[in-house]
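Peer 1: Pasting the sequence and the predicted coordinates here, then a few questions.
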Amino acid sequence: MNIRNDRQKQNRRRLLRTFFLFLTSLLVVTASASVYNYMYMQAQSIAAETADVQFVTAADSTAAGASIGTNGTYVRFTSMAGWPNSTRTYQAAAGIQNLDTTARTIELKFDQAGDWSGSTGNIDSITVIVRNTAGGSQQGTTINVGTAGSSTGALSIPASTTWVVEWNIKWAAGALSTNTVSVKLTLIVTNE
């Protein structure tokens, strides 16, 4: 009988230890789940600045229907066109001007296939070239619209300099006068 009582006492002790261990772990988990540290980041007085690099009008801007945004950070063309099976060139559709006293790094880029829409199957090619002057030396690589990631590469535009953007548009031979496309290019300005 003493052995039986001893075993019962041992079992109760084990059961109590297990129960206390369970309660302790439950308290630790509960306590850990409610400890938080909050940190903050706050920006105040974020100012609007004049852009050091801006789009400006150039020799063919009127023919291309160029409209420069108020701050020079946007340009829209509404009159570009071309004939079927022939290349139309706007040698200076717009300018890119560095107004700063130091050189700036720029890159003109066609990001992705979603950046153009419309009758894209009827276009033979649209290329965009940055030049130092209309018909002058090419700066960087030719952009092939429709090829994702096509870009001029990083270019260093000198201080107080204006370069021009040339557009070359070639519609396919079977293109109709009702065909249109829309294209978006991105100008990236770094080392600001």
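Peer 2: Right, received. Where do you want to start?
Peer 1: got the domain boundaries for this structure?
Peer 2: 1-39, 53-190 (automatic domain parsing).
Peer 1: For this structure, just list every one of the helices.
Peer 2: 2-33, 61-64 (DSSP state H).
Peer 1: returning to that earlier point: averaging pLDDT over each of the domains of the chain, which comes out lowest?
Peer 2: Here the lowest mean pLDDT among the domains of the chain goes to domain 1-39, at a mean of 72.
Peer 1: My guess is Thr73 contacts Phe55. True?
Peer 2: Yes: using CB atoms under 8 Å, Thr73 is in contact with Phe55, at 7.1 Å. All C-beta atoms are positioned from the backbone trio N, CA, C, and that covers glycine.
Peer 1: who's more crowded, these two?
Peer 2: Between Thr73 and Phe55, Phe55 has the larger neighbour count (other CB atoms under 10 Å), namely 23 against 14.
Peer 1: The more buried one contacts Ala93, doesn't it?
Peer 2: No: the pair Phe55 / Ala93 is not scored as a contact, 10.1 Å apart, by CB under 8 Å.
Peer 1: before we move on, back to that, can you say which of the helices of the chain is packed in most?
Peer 2: With neighbours defined as mean count of other CB atoms under 10 Å, the helices of the chain peak in mean count at helix 61-64, which reaches a mean of 18.
Peer 1: How far off centre is it?
Peer 2: Relative to its chain's centre, helix 61-64 lies at 26 Å (CA atoms, centre = their mean, to the nearest Å).
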